[in-house]
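Enquirer: Curious how this folds, go ahead:
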Amino acid sequence: MTDYDDTPTGKNKIFPRNLTARAAYQVPGNPPSTRPESGVENSFPGLEFDTRSLEACFFPGLRVAFQHGDGARVEQVRRDRGAAVPASGLTDADRPLFMWAVGGKISFRANEPAFTRFTLKGLSGSDVLRRVRALMPGPVALLLGPKPVMSADIPDDAKDAFKKDPTAGPWSRIERRGGKVAWALLVDSRAEHLDQYGVIDLQDHEPGELTQTLCSPWQYDFRECGCHYWAANRPDMVTADDRFTYFMRRNRARPAEPDVPEPGGRVSFTLTHAQIIAGAWNDVLPVVLNDREEPLAVPPPPRRRAREVTPAQAIAQLEYLATVEHALCVEYLYAHYSLCAPMVLPLDPPEHVVRIFAAAEAVFSVAVDEMRHLRWANEALTLLGAGPVLGRAGKIGQVQQRDFELCPLNARQLDWFIEIEKPSQTITDPEGQGGKDPIDGMYVVLLRSIEEQRATFRNADRLVPLLKLIVDEGMDHYHRFLSVKKHLEGLSEETYLRKLRRWDSPEEEIAARVSAEDIRMLDRADDMYNDLLAELASALGHGDKGGGMFLEHSRRRMHSLHEINHRLADRKLGPRFTLRPQWSNAAE
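Expert: The predicted structure follows:
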């Protein structure tokens, strides 16, 4: 931010309010990011500079180290700096000296005491640093002793001296016994660290001093720091081999080790600092997505050229894939309605209801994605100059040719869903993996061919990212169906499946004595299903011009269709999903 001065002496002059901008020169060794007001100081050693090095000189004439477990130590007495220390007669020869107590003002609020004293007994150096950082500018009293405060009792005369008003004088006092310091009480103003220009005061801190104690190289920091420091870069606990385990474990060839609650207990099976610095982080640690470890990357085989596909062949393939996306969406929806799960989870439900609900939500989310894939496949057709295709495939897969069917989510159907969504990020077997039919494998062939023949395909720059979206979401579908299997594990089909009734013709419904009200609901669901397809056709036909309005109408109709199908499922009726003749352009 800046101030604009329009006075006669400062006509049209802009004054920088940013302190870094005020510096008339680059401070040698300490970059602008080492300024206290610019640094991230939510932890130590910090990100831009080491806050311990900054506060090491909080008391003029002393340099204090806060990294020791037995408290804060005076590591240097500097007679040429400060006023209280030289006047007291304290010298560097009086070391070792440890901080026993500290006092000062910790707030400017009126109801706060003018002086607050902290006894540092039992505190580590890092805990002492927190007390020091709480001190505001102004008088600071410091009580020192020759032994760590953890293992020494503060003498009574030292306690009495520390309790007195530090501003009443004498300001400093040293008690010696046998020629050695028994305790020392020093009083001076807290160091402000910055000079009159708002930059680091080089009388207290040498160039580069604030950064030299940062973790270097960064790999050491990666191994040492906890999740709050490296949250965006390194997980602590992950799921691997279906177990919750520690990410930094050393041997990944063995099954994942269970977590050890005590940090010290992890040392035996985690990567050491030396291994991390030597490059193990790059060779051993895998990618983690959604708290789950992905398989370690291996060098890919030499990339072979994709099977060349002409624009006409690409259109034919996408027309078929659009009908497959439609068919899978309907199969997934029917499987969702077959689960004994409410639309909204009630309060305090039993565990098995929570598991069934979680499985149903996962299946429904994949069905919604398939509807989006149907839209994307049609957008790809539009980019290639073809019209929209909203038919439904009668056969799914170009190898196995499995018939489309509405089936409850039994174990056989779930295994088939997992198989059809299995990732296939390769073109080495363009007909499928060993005769199988992962759907995204068909998209991979198209994607690679268009990437290698961009000049041949119109709108290739828009086609490639569109197809990549479909391929990438296919991998997520595979994992979601695996999670469905885990949610339902241990539950019988009688527990989690509804016994939905279905008939293949109106005559069979009449013969089965289906009530008139139920038939009206089934008819209404079919009408909404076909009206939804009509609105999708209108939206896709308009392309970028006006299609948004039709897509919004389609979304609303989807919600209405979902609600009526849930009502049918509650009445043990399976939705028909009957297609009208105009959508008969499916590949039967």
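Enquirer: And the chain, what are its domain boundaries?
Expert: In terms of domains, the chain is parsed into 2-189, 218-293, 311-583 (source: automatic domain parsing).
Enquirer: Reformat those domains as CSV; add distance to His205 and mean pLDDT.
Expert: Glycine gets a C-beta too; all of them are placed from N, C-alpha and C. Formatted as CSV, the domains of the chain follow (distance: least, C-beta to C-beta, whole Å; pLDDT from 0 to 100):
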stretch, distance to His205, mean pLDDT
domain 2-189, 7, 74
domain 218-293, 22, 68
domain 311-583, 50, 81
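Enquirer: can you tell which of those domains is closest to Asp204?
Expert: Among the domains of the chain, domain 2-189 comes nearest to Asp204, with 4.4 Å by C-beta to C-beta.
Enquirer: Distance to Pro207 and mean neighbour count added to the domains of the chain, as JSON lines?
Expert: Formatted as JSON lines, the domains of the chain follow (distance: least, C-beta to C-beta, whole Å; neighbours: other C-beta atoms under 10 Å):
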{"stretch": "domain 2-189", "distance to Pro207": "3", "mean neighbour count": "16"}
{"stretch": "domain 218-293", "distance to Pro207": "22", "mean neighbour count": "14"}
{"stretch": "domain 311-583", "distance to Pro207": "49", "mean neighbour count": "17"}
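Enquirer: Throw these into JSON lines and include distance to Asp204, thanks.
Expert: Listed next are the domains of the chain as JSON lines, based on distance: least, C-beta to C-beta, whole Å:
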{"stretch": "domain 2-189", "distance to Asp204": "4"}
{"stretch": "domain 218-293", "distance to Asp204": "26"}
{"stretch": "domain 311-583", "distance to Asp204": "54"}
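Enquirer: To Gly208, which of those domains lies closest?
Expert: Closest of the domains of the chain to Gly208 is domain 2-189, at 3.7 Å (criterion: C-beta to C-beta).
Enquirer: Let me see the ranges of the strands in the stretch 401-550 of the chain.
Expert: Counting by DSSP state E, counting those that start in this stretch, the stretch 401-550 of the chain has strands at residues 402-403.
Enquirer: can you give me the helices for it?
Expert: Using DSSP state H, counting those that start in this stretch, the helices of the stretch 401-550 of the chain run over residues 411-420, 439-452, 460-488, 493-496, 506-511, 516-542, 547-570.
Enquirer: Make CSV out of these and add distance to Lys164.
Expert: Output for these, formatted as CSV (distance: least, C-beta to C-beta, whole Å):
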stretch, distance to Lys164
helix 411-420, 77
helix 439-452, 78
helix 460-488, 67
helix 493-496, 75
helix 506-511, 97
helix 516-542, 82
helix 547-570, 75
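Enquirer: Of the ones you listed, which is nearest Val309?
Expert: Short answer: helix 439-452, nearest of the helices of the stretch 401-550 of the chain by C-beta to C-beta, at 4.1 Å.
Enquirer: circling back: so which of the domains of the chain is nearest Glu209?
Expert: Evaluated with C-beta to C-beta, the domains of the chain place domain 2-189 nearest to Glu209, the distance being 5.7 Å.
Enquirer: In terms of secondary structure, what does the longest strand belonging to the chain contact?
Expert: Determined from DSSP state E, the single longest strand within the chain is strand 180-189. Applying 3 or more C-beta pairs under 8 Å, 6 or more residues apart in numbering; DSSP states H and E, we find strand 180-189 packed against helix 84-88, strand 97-104, strand 139-145, helix 156-163, strand 173-177.
Enquirer: and of the helices of the stretch 401-550 of the chain, who's closest to Asp291?
Expert: Distance to Asp291, taken as C-beta to C-beta, is lowest for helix 460-488 among the helices of the stretch 401-550 of the chain, at 11.9 Å.
Enquirer: Now do the closest one: distance to the chain's middle.
Expert: Its chain's average C-alpha position is 19 Å from that of helix 460-488, according to C-alpha atoms, centre = their mean, to the nearest Å.
Enquirer: okay, the angle between the helix or strand hosting His352 and helix 547-570?
Expert: Here His352 is covered by helix 351-383, with elements defined by DSSP states H and E. If you take axes from the mean of the first three to the mean of the last three C-alpha atoms, to 10 degrees, helix 351-383 sits at 150 degrees to helix 547-570.
Enquirer: what angle sits between helix 351-383 and helix 516-542?
Expert: Interaxial angle, helix 351-383 versus helix 516-542 (the same axes, to 10 degrees): 40 degrees.
Enquirer: Tell me the helix or strand right after helix 351-383.
Expert: Sequence-wise, the next helix or strand downstream of helix 351-383 (DSSP H and E) is strand 395-396.
Enquirer: and that next one, what does it pack onto?
Expert: Using 3+ C-beta pairs under 8 Å, 6+ apart, the elements in contact with strand 395-396 are helix 311-337, strand 402-403.
Enquirer: Nearest residue to Pro346 in space, please, no chain neighbours.
Expert: Spatial nearest neighbour of Pro346, excluding adjacent residues (C-beta to C-beta, 6 or more residues apart in numbering): Val353 at 7.7 Å.
Enquirer: Check the gap between that neighbour and Leu491 for me.
Expert: Using C-beta to C-beta, to the nearest Å, Val353 is found at 11 Å from Leu491.
Enquirer: out of the helices and strands packed on strand 180-189, which comes closest to Ile315?
Expert: Taking those one by one with C-beta to C-beta, strand 97-104 is closest: 77.7 Å.
Enquirer: residue contacts, Pro506?
Expert: Ile519 (C-beta atoms under 8 Å, 6 or more residues apart in numbering).
Enquirer: Can you tell me how far it is from Asp526?
Expert: 11 Å.
Enquirer: Arg576 too?
Expert: For Arg576, the distance to Asp526 - C-beta to C-beta - is 6 Å.
Enquirer: again with Arg173
Expert: Arg173 sits 95 Å away from Asp526 when distances are taken as C-beta to C-beta.
Enquirer: now His352
Expert: Here the criterion is C-beta to C-beta. By it, His352 lies 33 Å from Asp526.
Enquirer: Check Leu409 too.
Expert: Leu409 sits at a distance of 22 Å from Asp526 (criterion: C-beta to C-beta).
Enquirer: From Gly103, how far off is the nearest residue to Arg480 once chain neighbours are set aside?
Expert: Closest residue to Arg480 apart from its sequence neighbours, by C-beta to C-beta, 6+ apart: Ala362 at 4.8 Å. Applying C-beta to C-beta, the value for Ala362 to Gly103 is 59 Å.
Enquirer: now swap in Leu497 and tell me
Expert: Leu497 is 71 Å from Gly103, by C-beta to C-beta.
Enquirer: Glu351 too?
Expert: Distance from Glu351 to Gly103, counting by C-beta to C-beta: 56 Å.
Enquirer: Residue most distant from the centroid, the chain?
Expert: What lies farthest from the middle of the chain is Gly178; by C-alpha atoms, centre = their mean that is 60.8 Å.
Enquirer: Contact partners for that one?
Expert: With contact set as C-beta under 8 Å, 6+ apart, Gly178 has no partners.
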